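S.K.: prediction below, plus the sequence it came from.
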Amino acid sequence: MGDADPPTEPPAPSRDLATSAPVIGDTRPITASSIRPGDGRRACDIALDGTVAGRHHVAAASLVGLAHTVTGTSRQDAYGFCLDQRGRLYVAVADGLGSRPVSQLGARILCDEIMRIACEYDDDSPAAPAALIATAGRHTAQLTRDVYGLNPRDAGCVAIVGSFGPDRYEFARVGDPTAFTLAEASFVELFDHHSDFVNLVDATIPEDAERATTVTMTSATSVIALVTDGLATDIRNSERVRAWLMNQWATPTTAYAMGESLRYRRQGSHDDRTAVVIWTPRGNSGTDM
Amino acid sequence: MPESSELFTIFPIFLVVDVSASMAGGPIEAVNRSLPEMKTEMRSDPTVGEIARVALITFSDQARTVIPLCDLATAPIPELPVEGGTNFAAALRELRTAIDNGMRSLPKGTPVYRPVAFFLSDGEHMAREDWGPALHHVQDHDWKYRPEIVAFGFGDANGETLRRIATRFAFLAKDQDPAMQVREIMNALIRSIRSSSSSFRDPTQAEGLHLEAPSEYFTPLPPMKT
């Protein structure tokens, strides 16, 4: 079979679904998305979930960013969630580093490894998220090198992991993914955020997988969202995004509704957006760094 | 809700362009052709235009901020004339002033990328004054807005000088034709704005700055430690 002739005319505009998501700021027209030749490790543009996981309702969405659709590169975020042998929920959200060539692979493997380890856990106490990141980080480096024949550094990523025990929630992260609680009509970020510049992170996986920062809290009535920085930046800096998400996440969502919640268009917001939202069943909260 | 409750991410870029007499003819014409192209890029690519804010500084015997930090898509682009000699001290002093003024003009709390300055020159410092203090002032690690400086040289530019000015990347253009050299520099600059706008957040890779200067057109020079 010979090479296909190149198309002589651009394809017709693709049909899309209507959305009520807001458009914020001075946004400019979006060009059609495309992929690059020879990219065999591309992740799908969108991943969605909306389901019950033990005592919790969990909805998740990961949407490719405009920065990737314009350049034909892959979504680099990934997420996973599972229940362990005693029905406790674990959530992982990872973000591949933009300048590393196969970081989407690292983010995906890391989430898969965290879930594989966590789902087999059967101790009285839930698995510690920091330990999950450290162990899965080592496995990710090993798999990247031994199975894929790639330099683990080329698959570098950052991540946050949460465990949801009956009385206590614990979160650990390496790099800039973060977690918010939604309570009393406001977002509260669980990790400290202070960075002079948006394009810097202070730790990455696998290099710093043993250096996770941990936050714990008692079980809460509030909604909890684990997010990558593409979304966190908008939550921190946009009142309209906060209002939109507060409304969208007021009650548990289906997978499609979760995807809709991240479809807003905002000036300068071009990174992948990923959120895993957990609607917790009971109790009041307090944080403890 | 008013838009003022919104803080949009900004990538501040400062172009520092040599307009000394040696730029006469092809090189300055290439610069003047490239600036409107950069403006078109700002309009057509949302990943560049929505984030990048650009200032233009020219220098010869003196330096001045021709375009303060702004959305280039809406700014009038003046025709740059050639002027007299070459004074790096004036250029670097004006760069620091333009960065201070530009960054302070942004709404409080605006999320920003580290500023990047692209320094283009075809020659050597010719003024009597020492340009070392001005360079030190713009590379000061205690300065909140200390930029990454990328130096592009062509024509009679000196590689060692470019290495001294650059904080991360320095390049010498290869082409024999100065006009073509300027053209390739401006193309590399536009590509670098695009890739740095979208390919960031890696602390080990030039603090978020991603340069796209193809080796067929440029000789990379290792920068000196600043």
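M.R.: Happy to help now that I have it.
S.K.: state the number of residues packed around A:Ala32.
M.R.: A:Ala32 is flanked by 10 other residues according to other C-beta atoms under 10 Å in any protein chain shown. C-beta: built from backbone N, CA, C; applies to glycine.
S.K.: is it true that it touches A:Leu66?
M.R.: No - using C-beta atoms under 8 Å, A:Ala32 makes no contact with A:Leu66, being 11.8 Å away.
S.K.: residues contacting the residue sitting nearest the centre point of chain B?
M.R.: Geometric centre of chain B, nearest residue: B:Phe118, 2.1 Å, by C-alpha atoms, centre = their mean. Contact partners of B:Phe118, counting by C-beta atoms under 8 Å, 6 or more residues apart in numbering or on different chains, are B:13-16, B:150, B:152, B:189, B:192.
S.K.: list the buried residues for stretch A:185-196?
M.R.: Across stretch A:185-196, burial judged by 16 or more other C-beta atoms under 10 Å in any protein chain shown covers A:187, A:190-191.
S.K.: average pLDDT across it?
M.R.: Mean pLDDT, stretch A:185-196: 85.
S.K.: then stretch A:50-58?
M.R.: The pLDDT scores in stretch A:50-58 average 96.
S.K.: can you dump the C-alpha atoms of that stretch in PDB for me?
M.R.: Output of stretch A:50-58 as PDB, limited to C-alpha atoms (Å, rounded to 0.1, in the frame of the first residue of the first chain):
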ATOM      1  CA  GLY A  50     -18.200   9.600  37.800                       C
ATOM      2  CA  THR A  51     -19.000   6.800  40.200                       C
ATOM      3  CA  VAL A  52     -19.400   5.600  43.800                       C
ATOM      4  CA  ALA A  53     -16.300   4.400  45.400                       C
ATOM      5  CA  GLY A  54     -17.000   2.900  48.800                       C
ATOM      6  CA  ARG A  55     -18.300   5.600  51.100                       C
ATOM      7  CA  HIS A  56     -17.500   8.300  48.700                       C
ATOM      8  CA  HIS A  57     -18.800   9.600  45.400                       C
ATOM      9  CA  VAL A  58     -15.900  10.300  43.000                       C
END
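S.K.: got the contact list for that stretch?
M.R.: Contacts of stretch A:50-58 (C-beta under 8 Å, 6+ apart): A:49, A:59-60, A:81-83, A:87-89, A:91, A:164, A:166, A:252-258, A:276-281.
S.K.: now the helices for chain B?
M.R.: B:26-44, B:46-49, B:88-104, B:132-138, B:159-165, B:178-198 (DSSP state H).
S.K.: actually chain A, not the one I wrote
M.R.: For chain A, the helices defined by DSSP H occupy A:66-71, A:103-119, A:129-146, A:229-237, A:239-248, A:255-261.
S.K.: out of the helices of chain B, which is closest to A:Arg41?
M.R.: With C-beta to C-beta, the closest approach to A:Arg41 among those belongs to helix B:178-198: 18.2 Å.
S.K.: just want the angle from the worst-scoring helix or strand of chain B on mean pLDDT to helix B:26-44.
M.R.: Lowest by mean pLDDT, DSSP states H and E among the helices and strands of chain B is helix B:178-198, with a mean of 77. For helix B:178-198 against helix B:26-44, the angle by axes from the mean of the first three to the mean of the last three C-alpha atoms, to 10 degrees is 30 degrees.
S.K.: one step back: could you tell me the least trusted of the helices of chain B?
M.R.: When the helices of chain B are compared by mean pLDDT, helix B:178-198 comes last with a mean of 77.
S.K.: what packs against it?
M.R.: Judged by 3 or more C-beta pairs under 8 Å, 6 or more residues apart in numbering or on different chains; DSSP states H and E, the packing partners of helix B:178-198 are helix A:66-71, strand B:11-18, helix B:26-44, helix B:46-49, strand B:116-121, strand B:148-153, strand B:169-173.
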